[in-house]
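Novice: build me a model from this:
(one chain, ligands or ions: 1)
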Amino acid sequence: MGGMTTTTAKATDVVSFERVSKSYGDVKAVDGLTLALHPGETVALLGPNGAGKSTTLDLLLGLRPADTGTVRVFGAGPRDAIVQGRVGAMLQSGGLMDEVTVAELVELACALHPKPYRANDVLSRAGITQIADRKVNKLSGGQEQRVRFALATAGANDLIVLDEPTTGMDVSARHAFWATMREQADQGRTVLFATHYLEEADAIADRVLVLHRGRLLADGTAAEIKAKAGARKVAFDLDGDIDEQALRALPFLTAADVSGRTVRLQSSDADATVHALYGLGLYPRNLEVAGLGLEQAFVAITTAEEARSETRTS
Ligand SMILES: Nc1ncnc2c1ncn2[C@@H]1O[C@H](COP(=O)(O)OP(=O)(O)OP(=O)(O)O)[C@@H](O)[C@H]1O
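Specialist: Numbers count the residues shown, from 1 in each chain. Model (predicted):
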């Protein structure tokens, strides 16, 4: 099998994208994307609104054709993998059938799956046993999401693809959801999920992809992404008159916020910033220097890229 391809895709890749592009009219939703997912990985796909996350997942699932480039799932075209029942998906929208009950819909999904779980187990895992007899079109948004979750886990899949899966779920549904996904990953399955909840990505994913304007800006563990952002937080309190202008002029700042006596800075060289702070003759109290959270790192990376593309286009 190996030797036959001249690309970098490997036979063991669960998913591979090779220079994949997809436009809608003038909008380049996915722009020359190359990436590979490996067995057992839990991968978070992050990106601002319109970054191309849903389009990437649609391409992966064969719901849309790529304009150029190659998408492979288990070494074949996406549709083959889906027909073989190797891929479970939970997408953002898409109506559930109207006039059926939750139980009927889940039973149907199990019946159609080549390696189904028992419908009762699927219902209980998704926390929808109580509403099994309800008509699907009478559900709340969060309940609908739970049903979608049940449909995506109706059988044993090797790859699970989730587009903003926990949107609208309450706290307990979220916990149940991620516990199930963790079980799936522990069994060697690959989980790919798009999310706007960066704390979920930080807690759950062992790999984080950051998309921006259809391109991959960062690919690594959450810790690597935080390090890539290259900035750290510097926070302290000040007594006496606060000269905000002098603080904002400190070197290496990427963000600054003064609220009451508390100053919160972000710096690409925290050591130098703190040194200069003392150089101003100030005595910061409760000084804290810490790495960025994934959310701040994400904002730092994407806004830096935004600034770079502004200068490219102006
Ligand atoms: N069917 C479509 N027709 C035209 N343009 C589209 C279509 N679907 C997406 N787009 C555009 O393609 C770009 C990428 O959209 P996509 O939905 O993939 O982004 P996303 O990262 O999933 O965004 P969000 O976080 O808002 O869900 C956007 O600029 C969007 O407006």
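
Novice: where does the prediction get shaky in the stretch 51-200 of the chain?
Specialist: Applying pLDDT under 70 to the stretch 51-200 of the chain picks out residues 93-95.

Novice: so what's the predicted local confidence for Thr8?
Specialist: Taken from the predicted model, the pLDDT recorded for Thr8 is 60.

Novice: now the helices for the stretch 101-250 of the chain?
Specialist: Assigned by DSSP state H, counting those that start in this stretch, the stretch 101-250 of the chain shows helices spanning 102-112, 119-125, 141-152, 171-186, 198-204, 222-229, 244-248.

Novice: so for the longest one, what gets flagged as buried?
Specialist: Residues of helix 171-186 classed as buried under the neighbour-count rule (16 or more other C-beta atoms under 10 Å) are Ala173, Arg174, Ala176, Phe177, Trp178, Thr180, Met181, Gln184, Ala185. All C-beta atoms are positioned from the backbone trio N, CA, C, and that covers glycine.

Novice: close to the ligand: what parts of the stretch 1-150 of the chain are there?
Specialist: Tyr24, Val27, Ala29, Gly47, Asn49, Gly50, Ala51, Gly52, Lys53, Ser54, Thr55 (C-beta under 6 Å from any ligand atom).

Novice: ok so Gln92 is a helix residue?
Specialist: No - read with DSSP: H, G, I helix; E, B strand; the rest coil, Gln92 is coil and lies in no helix.

Novice: which residue packs closest to it, ignoring adjacent ones?
Specialist: Nearest residue to Gln92, sequence neighbours excluded (C-beta to C-beta, 6 or more residues apart in numbering): Asp163, at 4.7 Å.

Novice: return the residues in contact with the one you found.
Specialist: By C-beta atoms under 8 Å, 6 or more residues apart in numbering, the residues touching Asp163 are Lys53, Ser54, Leu57, Ala89, Met90, Leu91, Gln92, Phe193, Ala194.

Novice: could I get those residues as CSV with neighbour count and distance to Ala201?
Specialist: Conversion of the contacts of Asp163 to CSV gives the following (neighbours: other C-beta atoms under 10 Å; distance: C-beta to C-beta, whole Å):
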residue, neighbour count, distance to Ala201
Lys53, 25, 12
Ser54, 20, 16
Leu57, 23, 15
Ala89, 21, 19
Met90, 22, 16
Leu91, 19, 18
Gln92, 15, 17
Phe193, 26, 8
Ala194, 25, 10
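
Novice: save those residues as JSON lines, and put in distance to Arg207 too.
Specialist: Formatted as JSON lines, the entries for these read as follows, by distance: C-beta to C-beta, whole Å:
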{"residue": "Lys53", "distance to Arg207": "15"}
{"residue": "Ser54", "distance to Arg207": "19"}
{"residue": "Leu57", "distance to Arg207": "16"}
{"residue": "Ala89", "distance to Arg207": "19"}
{"residue": "Met90", "distance to Arg207": "19"}
{"residue": "Leu91", "distance to Arg207": "21"}
{"residue": "Gln92", "distance to Arg207": "22"}
{"residue": "Phe193", "distance to Arg207": "11"}
{"residue": "Ala194", "distance to Arg207": "13"}
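
Novice: of those, just say which sits nearest to Lys10.
Specialist: Within those, the smallest distance to Lys10 is 21.5 Å, found for Leu57 (C-beta to C-beta).

Novice: distance from the strand or helix carrying that closest one to the middle of the chain?
Specialist: With elements delineated by DSSP states H and E, Leu57 resides in helix 53-60, which encompasses its position. Here the centre of helix 53-60 is set off from its chain's centre by 12 Å, with C-alpha atoms, centre = their mean, to the nearest Å.

Novice: likewise stretch 233-249?
Specialist: Distance, centroid of stretch 233-249 to centroid of chain: 35 Å (C-alpha atoms, centre = their mean).

Novice: do stretch 254-271 as well
Specialist: 28 Å.

Novice: start to end distance for it?
Specialist: As for stretch 254-271, its first-to-last residue distance stands at 14 Å under the measure C-alpha to C-alpha, to the nearest Å.

Novice: so the residue nearest to Gln92 bridges to which residues?
Specialist: Ala194 (DSSP bridges).

Novice: tell me the helices and strands packed up against the helix holding Leu57.
Specialist: Using 3 or more C-beta pairs under 8 Å, 6 or more residues apart in numbering; DSSP states H and E as the contact criterion, the neighbours of helix 53-60 among helices and strands are strand 15-24, strand 27-37, strand 42-46, strand 68-73, strand 159-163, strand 190-194.

Novice: who does the last one touch, helix- and strand-wise?
Specialist: Applying 3+ C-beta pairs under 8 Å, 6+ apart, we find strand 190-194 packed against strand 42-46, helix 53-60, strand 159-163, helix 171-186.
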